[in-house]
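Asker: okay, sequence plus prediction incoming.
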Amino acid sequence: MIKRPKLSGTGKERKTNASGLTRGGKFRVKNSRGRKISSVRWLQRQLNDPYVDAARLDGYRARSAYKLLELDEKFSFLKKSRVIVDLGAAPGSWTQVALKLCGRKARVVGIDLLEIAPLEGATFLEMDFATDEAEATLLDLCRGPVDLVMSDMAAATTGHQQTDHIRTLALVEIAFDFARKTLGEGGVFVTKVFRGGADQEMLAQIRKCFTSVRHFKPPASRSGSAETYLVAKGFKVSSRHLEKESD
Ligand SMILES: C[S@@+](CC[C@H](N)C(=O)[O-])C[C@H]1O[C@@H](n2cnc3c(N)ncnc32)[C@H](O)[C@@H]1O
């Protein structure tokens, strides 16, 4: 059972009034002059978000740690995993959760465009996952079948809906491709997807490769966000062989 932050709390217990914060009750950004409306909203949301508080108290680098904890609470895949690949790993909170729940025997290899501060038990690559070089380096580091490929990758948005949709789908596709190449029998693939789930064609392909495929939006994922997660369990190594033949 994970420690879930109290969602009804309004941060009354916090005393700081730095940066124009009000004391007690809901935090409001008082002095917003010179800030863009979007950054004021972002700041206000962060200050009133119980997951942000909980992450600070629990020592996680980001609130997204709770998304993985909630996904694992529902689908139980972390404890059995020994070799884990974390795609889009910065700043490292999913890796922190994996290392905590999987124990000392686990090995996590993470990759991101951004630099990630080191964590004991993890190897981080600062590379673009979409390049052949990144895939080759990851394959080298994994040394053998992978138990869990998890992707929280999100492309920077352009504001152009169609472009953003295509870029996001492309990330899911390369993550799935990598999972298909590297997972061992019974392996698990977890990926962030947008707007109601994976694209139908890709979903059909994923279904062929796993015994169970489910979509789930963990409570820690903001209701206003279009993201949701796909959890595919029970990888069939035989499907990797078939897919390769028909590609
Ligand atoms: C939501 S954040 C991941 C948060 C992370 N799961 C955590 O809990 O700390 C998404 C990350 O995906 C990374 N990303 C997006 N495209 C990528 C790519 N092509 N290769 C590697 N990382 C990528 C971004 O740099 C960003 O850090």
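Answerer: That came through fine.
Asker: could you list the low-confidence segments of the chain?
Answerer: Counting by pLDDT under 70, the chain shows low-confidence ranges at 1-47, 196-198, 242-247.
Asker: go again using 90 as the cut-off
Answerer: 1-50, 103-105, 143-144, 155-169, 194-201, 222-227, 240-247 (pLDDT under 90).
Asker: can you check which strand is longest in it?
Answerer: Assignment by DSSP state E gives strand 183-194 as the longest strand of the chain.
Asker: give the contact list for the residue positioned nearest the centre of the chain.
Answerer: The structure's the chain has its C-alpha centroid closest to residue 152; by C-alpha atoms, centre = their mean the separation is 2.9 Å. The neighbours of residue 152, taking C-beta atoms under 8 Å, 6 or more residues apart in numbering as the test, are 64, 67-68, 86-89, 94, 192. C-beta coordinates here come from the backbone N, C-alpha and C atoms, glycine included.
Asker: and it, how far from residue 212?
Answerer: Distance, residue 152 to residue 212, using C-beta to C-beta, to the nearest Å: 20 Å.
Asker: same check, this time on residue 104
Answerer: Residue 104 is 29 Å from residue 212, by C-beta to C-beta.
Asker: same question for residue 171.
Answerer: Taking C-beta to C-beta, one finds residue 171 at 23 Å from residue 212.
Asker: mind checking which of those two has more residues around it?
Answerer: residue 171 (21 against 11; other C-beta atoms under 10 Å).
Asker: what kind of secondary structure is the closest residue to the more buried one other than its chain neighbours in?
Answerer: Closest residue to residue 171 apart from its sequence neighbours, by C-beta to C-beta, 6 or more residues apart in numbering: residue 153 at 4.7 Å. When classified by DSSP: H, G, I helix; E, B strand; the rest coil, residue 153 comes out as coil.
Asker: hmm, residue 153 is touching residue 170, no?
Answerer: No: Residue 153 is beyond contact range of residue 170, at 9.9 Å (criterion: C-beta atoms under 8 Å).
Asker: the two: which is more packed in?
Answerer: residue 153 (22 against 13).
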